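build the 3D model from these lines:
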Amino acid sequence: MLTPKYPQSDTHTFTPARHNAVQAPVPTERISESAPAVAPTRSGVVHAVRANPVVAITGTLVVGAVVTSMLLAVAITALALSVSGVVLLGLVRILRQELNR
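Have a look, this model is predicted:
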């Protein structure tokens, strides 16, 4: 009833894929040879650190510097807001005293 009507594409024409592939026969014999054991692989980080520890130390220091600077920025912002709050409170009290005279 309410089916959308899409305009014909002018750049791509869809052609359904035709699969005429013949299935490969399933082997009925068991392979008697065992597969070679796969050596355990190391994760990328462990391998990178063992290959070049200077890069790992440098990266750790950079991350530490970024975190420290972010915390310092938050602390400075909090200090500025608290000082401005105290100043505004003082101004409001002075204004109330002037209005009550």
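
distance of Leu91 relative to Thr77?
Leu91 sits 21 Å away from Thr77, going by CB to CB, to the nearest Å. The way it works is simple: take the backbone N, C-alpha and C, and place the C-beta from them, glycine included.

alpha carbons of the helix or strand Ala48 falls within, as CSV, please.
Here Ala48 sits within helix 44-51, counting by DSSP states H and E. This file holds the C-alpha atoms of helix 44-51, laid out as CSV (Å, rounded to 0.1, in the frame of the first residue of the first chain):
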residue,chain,number,x,y,z
GLY,A,44,51.4,-5.9,19.4
VAL,A,45,52.2,-3.8,22.5
VAL,A,46,54.4,-6.4,24.1
HIS,A,47,56.3,-7.0,20.9
ALA,A,48,56.7,-3.2,20.3
VAL,A,49,58.0,-2.6,23.9
ARG,A,50,60.5,-5.5,23.6
ALA,A,51,61.6,-4.2,20.2
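
average model confidence for it?
Regarding helix 44-51, the rounded mean pLDDT is 78.

now Ala56: how far from Ala48?
For Ala56, the distance to Ala48 - CB to CB - is 7 Å.

what secondary structure does Lys5 sit in?
coil (DSSP: H, G, I helix; E, B strand; the rest coil).

burial measure for it, as a count.
Neighbour count for Lys5, taken as other CB atoms under 10 Å: 4.

for Met70, grab the count of nearby residues.
So Met70, with other CB under 10 Å, has 10 neighbours.

and for Ala80?
Counted with other CB under 10 Å, Ala80 comes out at 10.

pLDDT value on it, please?
Value listed for Ala80 in the pLDDT field: 97.

for Val49, give me its contacts.
Listed by CB atoms under 8 Å, 6 or more residues apart in numbering, the contact partners of Val49 are 55-56.

quick one: Arg96 from Gly90, how far?
Counting by CB to CB, the gap from Arg96 to Gly90 is 11 Å.
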